[in-house]
Each structure stands twice: as structure tokens, then as C-alpha cells.
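Starting from these lines, generate the structure:
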Amino acid sequence: MSPAAAAALRPLPLPRLRRVPRLRRATVPQPCVRVSHTLCALTPQGAALLAPLALCSLAGNALERHTPVGRALSAPVATMLCGAFLASAGFQPPSDALRALQSILVYASTPMLLFGANISRLIRGAGPLLPTFAAGALGTFLGAAVGVSLFAEPLTRAMPVAEVGSLASALSAKNIGGGFNFVAVCDATGIGALAVALGLAADNLAALIYFPLNGWLAGPPSTSTANELASAGWTSSPSSPTGEDFSTAGELTSVLAVSLGIVYVVQVVIGAGGNTAAAAAGITVILATLFPSLLSPLERAGNTLGRVLLGLFFASAGVAGGRIVTNDPGALAAVGALLLVIYAFHGLFTAISAHVCRLSRLDAAIVSNAGIGGPATAAALASSKRAPDPAPGILLGTLGNATATFLALGATPLLSKLV
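Numbers count the residues shown, from 1 in each chain. Next up, the predicted model:
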């Protein structure tokens, strides 16, 4: 073969290819996973989960409004019992979808309920009742510590050991602030559905004894006239915690936008992870304190929409743990014993401080009520007893809502060591 032919048959050199960097597997951020769970609510499967929960919440509110038993139980407990009934009837949604929905409800509702938490205004308005409120809160935590020490064995039989201290701190938060503080602490500490249901059931059963006793200890109604009450600023306006809420669509939309914006910043920008509810509460309290003119107009609408979301949460809690609670009365008794000690220490410290500060029976009862029940029940007690100025009790309840989550999370490691 001639050299020319050999050169013609020689393979042509291939062009040099640039090295392509190896692609890494994409990881989906946790907030996006939660958003995907939320978008699933728009599907028929999501509607099959949300519709029964909404019906339970509706039934719980109707029972509270129209039946003596419902009024004694309160709407959250009645809602949870309706959820437990659904669970016993065979309603069993996937646990991961239910847990994801509960997280979304907690995260979204936490800022909504704190738009009025201007710390400086709350402290100034509480006045001479503040030391007694602080003493009652201290007694609540000491009662939790003593109760965990006394009943560690039955509590560890009722739930995992790691959850006992967390549940005690969540119950302390509930009885310094309110129901959403309980929920926020449960979410931050990762308490299981069983412990959440046990805590809610035991606390609300204890409330059936506490509130009548608290009303009796407050003494007879004040002799203040209607004109004196009006001059003190007590009116049953729609913005009052005991009145009806009339919020416009614009206000509700603003509340939803601000709340979800705070949650987005906490999850995506800060990366709070499991502490999302507590971090969202902290940012909201800071904003409400530094910029009250921006958030205080949203307070009424925030309370309205926040209670709607918490109603769905209580229904889901009943579905998740109701059957287990009803099948294990011993577990409920153990948590009830813990609560009995918490209530006893709270009452003892409140009574001692009220005596030292020379408060009246009515003022002492309102302070205690603001911690155990919150601003709405404190307002209801002040109204029924015709208190000259119910505002300090309402402000104390709001102060408890603003601070109880952080105090309880700080106490959780100490309570866990006592188990």
C-alpha cells in the first residue's frame, strides 16, 4: 500500500472534549418539603384529611356555645374528643401527613397570636399585679419539678423517658401562657402524639376543677356600678377578648401574609429547624415591642385566624392520640397527678405573694386565672365579678403568652434530668 493510501485510512483525531463537572444530587431544603406537604392539602387526599378536622373543630365550637358539657370542657377539649371519636370510628390518616400538617398549623398560628405582645406596654399595664404573676409562674415550674420527681415511674410507663421532662415543661408553658404555648413547646421538643393528647386531656380535665374553685375564691361580685366600670375603660367592644371578632378580609389577608413571612424568614433565612415556632414567637414579640403601630392593628384579626388554625390542630391531636388515651386510663392518671402538683404549687406561691403584696381576693384570683387560663378567661372572671379595672389581668395573660414558650424551653433540660 502506498504511503498516500495508508495516510488516507488513518483515523482522524477526535476533538478534545472539555471535562464536564460531576453533578451532585440535589437536596431539597426542609422548608420546601413542608411546603410540598402543605400543597398536598389542595389535592383530593389533602381535602380528605382537612375536611374531617374542620368538622371536628366546628363541632367543638358548637358544643361550647350550645351545651353545658361543652362549656365545661371548652372548645379545644370538645374538638379533641371529636377527633378521638373519629379515630375510634376508623379515621386513620397517614402519620407523616398528619405530623406535617400539625407543624404548619403551629408555625402559622404562633405569630398571629402575638401581634399584641408589646412587652413594655404589658409590663406597665400589669402594675402591682406583676410580682404575684411572676411568683405564680415560679410556683408552676417548681411544681413541675416536684411532680416529675414524685411520679417519674408512672410517667415513664406512660410515655418514653425522653418525653417526660418535655411534657412537664409544655404543661408549665400552658399554665403560664396558653394553649398555643403548649403546642409550641411540644413542637420544639419533638413530643409524640400520645404525650400531646395525654397532656391536653389531663390539663383540660383539671381545668374543670380549677375554674369553678378560682371563681369561688375570688369572692362575691364587686359593688361597682355600670358607670364606674365604663369610666374604668371596661366595655364589651368587639376588640375585647370576651366579645365577638369582626375582622375584614383585608385584615385577615394581612395577618396571613405577615405570619407566613415571619415563618419564611425563620425557616429559610435563619434556618431554625425544629425551633421554628419558638423563633417565630421571639421575632414577633420583638417586632410587636419595637413597632407596635405596625402590628397592633392586626391583633384582633390575628387572634381570630390563629384560633381557627389551632382548632384544626386540636382536632388532629385528638385523631393522633385519642384512641391510645382512652385505652390507657393509667397514663392519663399519671399526667393528672403531675398536673395536680403543678396547680398546687402555682396556687400556693400566688397566695403567698398576694398576701405579701396586699392584693384583694379578686385581684389574686384574676392573676392566677391569667396564668392558668389566659387573657380571655381573666377578662371573663373580671366581667362576672364586676372588677373596677380588668385591663391588668388581660395584659398579664398576654404577657404569659409572650414569654411562656421561652421560659419552658429553658426549663426543659433541668426537668429532664429529674426523670
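
Determine the next helix or strand in the C-terminal direction from the least confident helix or strand in the chain by mean pLDDT.
Every helix and strand in the chain was compared by mean pLDDT, DSSP states H and E; the lowest is helix 226-231, with a mean of 42. Downstream of helix 226-231, the first helix or strand assigned by DSSP states H and E is helix 249-264.

Under the pLDDT cut-off, which ranges of this structure? List them.
1-46, 72-73, 222-246, 274, 321-328 (pLDDT under 70).

Strands of that one, residue ranges please.
In the chain, no segments count as strands under DSSP state E.

which residues touch the residue nearest the centre of it?
Taking C-alpha atoms, centre = their mean as the criterion, Phe180 is the residue nearest the geometric centre of the chain, at 1.3 Å. Phe180 sits next to 106, 109-110, 113, 306, 310, 401 when contact means C-beta atoms under 8 Å, 6 or more residues apart in numbering. All C-beta atoms are positioned from the backbone trio N, CA, C, and that covers glycine.

possible to save those as a markdown table with distance to Ala97 and neighbour count?
What follows is those, written out as a markdown table (distance: C-beta to C-beta, whole Å; neighbours: other C-beta atoms under 10 Å):
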| residue | distance to Ala97 | neighbour count |
| --- | --- | --- |
| Val106 | 15 | 22 |
| Ser109 | 19 | 26 |
| Thr110 | 21 | 31 |
| Leu113 | 25 | 29 |
| Gly306 | 22 | 22 |
| Leu310 | 19 | 25 |
| Asn401 | 29 | 26 |
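
For those, work out which two are farthest apart.
Farthest apart among the contacts of Phe180 by C-beta to C-beta are Val106 and Asn401. That separation is 14.2 Å.

Go ahead and confirm Ala158 touches Gly330.
Yes. Shown here, Ala158 and Gly330 form a contact pair, counting by C-beta atoms under 8 Å, at 7.0 Å.

Which one's more surrounded, the two?
Taking other C-beta atoms under 10 Å, Ala158 and Gly330 do not tie; Ala158 has more neighbours (23 against 9).

contacting residues around that one?
Contacts of Ala158 (C-beta under 8 Å, 6+ apart): 198, 328, 330-331, 334-335.

Swap in 10 Å and give it another go.
Contact partners of Ala158, counting by C-beta atoms under 10 Å, 6 or more residues apart in numbering, are 151, 164, 167, 194-195, 198, 324-325, 328, 330-335.

buried subset of those?
Buried members of the contacts of Ala158, counted by 16 or more other C-beta atoms under 10 Å: 151, 164, 167, 194-195, 198, 324-325, 331-332, 334-335.

Out of these, the closest to Pro292 would be?
Using C-beta to C-beta, the buried ones among the contacts of Ala158 come closest to Pro292 at Leu167, 34.4 Å.

Settle this for me: the closest one is touching Gly190, isn't it.
No. Assessed by C-beta atoms under 10 Å, Leu167 is found out of contact with Gly190, at 11.3 Å.

Need the overlap of contacts for the two.
Counting by C-beta under 10 Å, 6+ apart, Leu167 and Gly190 have no common neighbour.

before we move on, the earlier item: okay, and which of the contacts of Ala158 map to helices?
Counting by DSSP state H, these place 164, 167, 194-195, 198, 324-325, 330-335 in helices.

Now render these as a markdown table, adding distance to Leu55.
Formatted as a markdown table, those follow (distance: C-beta to C-beta, whole Å):
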| residue | distance to Leu55 |
| --- | --- |
| Val164 | 34 |
| Leu167 | 28 |
| Leu194 | 23 |
| Ala195 | 25 |
| Leu198 | 24 |
| Ile324 | 22 |
| Val325 | 20 |
| Gly330 | 31 |
| Ala331 | 27 |
| Leu332 | 25 |
| Ala333 | 31 |
| Ala334 | 32 |
| Val335 | 28 |
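
Closest one of the residues you listed to Ser57?
Using C-beta to C-beta, these come closest to Ser57 at Val325, 18.7 Å.

Can you report how many residues neighbour the closest residue to Gly374 other than its chain neighbours?
Of all residues not flanking Gly374 in the chain, Gly178 sits nearest, at 4.0 Å (C-beta to C-beta, 6 or more residues apart in numbering). Using other C-beta under 10 Å, Gly178 is surrounded by 25 other residues.

One more: the one 10 residues further on?
Counted by other C-beta under 10 Å, the residues lying close to Ala188 total 25.

For Leu256, see how far away Leu49 is.
20 Å (C-beta to C-beta, to the nearest Å).

more crowded one of those two?
The residue with more neighbours, out of Leu49 and Leu256, is Leu49; 21 against 16, by other C-beta under 10 Å.

The more buried one and Asp96 touch, don't they?
No. Using C-beta under 10 Å, Leu49 makes no contact with Asp96, being 11.5 Å away.

Show the contacting residues for the residue nearest to Gly374.
Applying C-beta under 10 Å, 6+ apart, we find Gly178 in contact with 113, 310, 370-377, 397-398, 400-401, 404.

quick one, phi/psi of it?
Main-chain torsions, Gly178, degrees, to the nearest 10: phi -170, psi -170.

Quick check: the gap between Ala380 and Gly70.
When distance is defined by C-beta to C-beta, Ala380 is 16 Å away from Gly70.

what does Gly215 give?
18 Å.

now do Ala301
Per C-beta to C-beta, Ala301 is found 25 Å from Gly70.

So those two - more neighbours on which side?
Counted by other C-beta under 10 Å, Ala301 and Gly70 do not tie: Ala301 has more neighbours, with 23 against 20.

Now do the phi/psi pair for Leu418.
Main-chain torsions, Leu418, degrees, to the nearest 10: phi -80, psi -10.
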